[in-house]
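Peer 1: I would like the atomic coordinates for the input below:
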Amino acid sequence: MADTVLNELSAASLFDLTGVVAVVTGGGTGIGLMISTTLLANGAKAVYIIGPKQADLDKIAKVYNDTAAAKGKPGKIYGIEGDIRKKTEAVRLAEEVSKREEHVTVLFNNAGIFQGQYTRPTTANAEAFRKAYFDEVTEEDFENSLNTNAVGPYWLTFAFLPLLEKWKQSPGGACFAPQIVMTSSMNGWTKDPATSGFTFPYMYSKSAIGHATASLAHELLPLGVRVNGIAPGLFITEMSAPGTINAVGQSQAPEGKTFSFQVPVTAPFPPGKQPAGRNKDMAALVLFLVANWFVDGETVLIDGGSLLKHPSSY
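Peer 2: Residues are numbered from 1 along each chain as shown. So this is what the prediction gives:
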């Protein structure tokens, strides 16, 4: 009996994702790629990554599918081009997946953009503030940020609901409850725009999706579909540190890159090296959320302690 208990509580058992079908928007780059590769590495049957260019999606899928096949992994990554901002595209994307799968276990509404930066004024007068916060930011910065980071996930959530509901009747449905996971940001709660790289469109959009996570979790209770969130701090991606992407799609920070906020945790980084979240850190959180059916309506902050240093409402 004790042997059974220990086997059930082993990491290999808890996080065995055999049979899982996942959809990850923005799944071919940055944090999305960390999510999709974690799912593939732990036995997911199929991971559909959505992005703006089919060629880019196919390229990254081949890199990991070839390696997974060589290691005897059962699943595959599939790319589907799409514009997640649009309601019609949400419907089309759900239909595309439904042609290939009978159900979906988890939808990661992860895709996001970063624009609308301003230069913080050094002079404390209204004219300087107007120039920085008003003149430097465009209407398109807000429209694109809100539609991509907050409105698009709303359309996708409801477009994929029928596939998520069907997971409960699937052979694997007893293992993992169907779930939607939103990628918010620590910047959904920060009071210091420095942590966002000085962009209010980004902060507004991440605040919106952070609140929507709890609201949608409440609304979907009758369906038994959970909604949770991830609020990353600094991870080295093309969004946070545009630079070199290696052969397996991972971003590398440019030499000497600095940031306008503090990440107080230091281990396991050597002195002088910028602390930032690793793919292992994101992977551990992703596995926890997929496997733990007893968490609903929560957003997990994974920021290296940044909001312990900077004022926030988290």
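Peer 1: going forward, measure contacts and count neighbours with C-alpha atoms only.
Peer 2: OK.
Peer 1: Please enumerate the helices of the stretch 201-314 of the chain.
Peer 2: 279-291, 306-309 (DSSP state H, counting those that start in this stretch).
Peer 1: Which of the ones you listed sits closest to T237?
Peer 2: helix 279-291 (10.6 Å; Cα to Cα).
Peer 1: Could you name the helices and strands sitting against the closest one?
Peer 2: helix 30-41 (3 or more Cα pairs under 8 Å, 6 or more residues apart in numbering; DSSP states H and E).
Peer 1: relative to helix 30-41, how tilted is the following helix or strand past the helix it packs on?
Peer 2: Later in the chain than helix 30-41, the nearest helix or strand by DSSP states H and E is strand 46-51. Interaxial angle of strand 46-51 relative to helix 30-41 (axes from the mean of the first three to the mean of the last three Cα atoms, to 10 degrees): 170 degrees.
Peer 1: what's strand 46-51 in contact with?
Peer 2: 19-28, 36, 39-40, 57, 75-83, 97, 111 (Cα atoms under 8 Å, 6 or more residues apart in numbering).
Peer 1: again with stretch 162-176
Peer 2: 19-20, 94, 98, 102-106, 177-179, 223-225, 290-293.
Peer 1: Drop anything exposed from these.
Peer 2: 19-20, 94, 103-106, 177-179, 225, 290-291 (16 or more other Cα atoms under 10 Å).
Peer 1: In the stretch 51-200 of the chain, mark out all the strands, start to finish.
Peer 2: 76-81, 106-109, 179-183 (DSSP state E, counting those that start in this stretch).
Peer 1: returning to what we had before: I'd like the helices of the stretch 201-314 of the chain laid out as JSON lines, including mean pLDDT and distance to Q169.
Peer 2: As requested, those are exported to JSON lines (pLDDT from 0 to 100; distance: least, Cα to Cα, whole Å):
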{"stretch": "helix 279-291", "mean pLDDT": "97", "distance to Q169": "17"}
{"stretch": "helix 306-309", "mean pLDDT": "96", "distance to Q169": "41"}
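Peer 1: now the ones you listed as a markdown table including distance to P171?
Peer 2: Formatted as a markdown table, these follow (distance: least, Cα to Cα, whole Å):
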| stretch | distance to P171 |
| --- | --- |
| helix 279-291 | 16 |
| helix 306-309 | 42 |
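Peer 1: looking at the ones you listed, which is closest to P121?
Peer 2: Short answer: helix 306-309, nearest of those by Cα to Cα, at 22.1 Å.
Peer 1: how about stretch 213-232: buried residues?
Peer 2: Buried residues in stretch 213-232 (16+ other Cα under 10 Å): 213-214, 216-217, 225-232.
Peer 1: Need the residues that contact stretch 63-82.
Peer 2: Residues contacting stretch 63-82 (Cα under 8 Å, 6+ apart): 36-37, 40-41, 43-54, 57-58, 61-62, 89, 93, 248.
Peer 1: Narrow these to just the buried residues.
Peer 2: Applying 16+ other Cα under 10 Å to the contacts of stretch 63-82 flags 36-37, 40-41, 43-51, 57-58, 61-62, 89, 93 as buried.
Peer 1: Need the nearest residue in space to A90, chain neighbours excluded.
Peer 2: Spatially, and ignoring its direct neighbours in sequence, A90 is nearest to L156 (5.0 Å; Cα to Cα, 6 or more residues apart in numbering).
Peer 1: Now do the same for the nearest residue to T119 once chain neighbours are set aside: its pLDDT.
Peer 2: Using Cα to Cα, 6+ apart and skipping residues adjacent in sequence, the residue nearest T119 is A132, 5.8 Å away. Note on A132: pLDDT of 96.
Peer 1: next one: P171
Peer 2: 81.
Peer 1: go on, M1?
Peer 2: 85.
Peer 1: residues near it, how many?
Peer 2: M1 has 6 neighbouring residues, counting by other Cα atoms under 10 Å.
Peer 1: Also P268?
Peer 2: 9.
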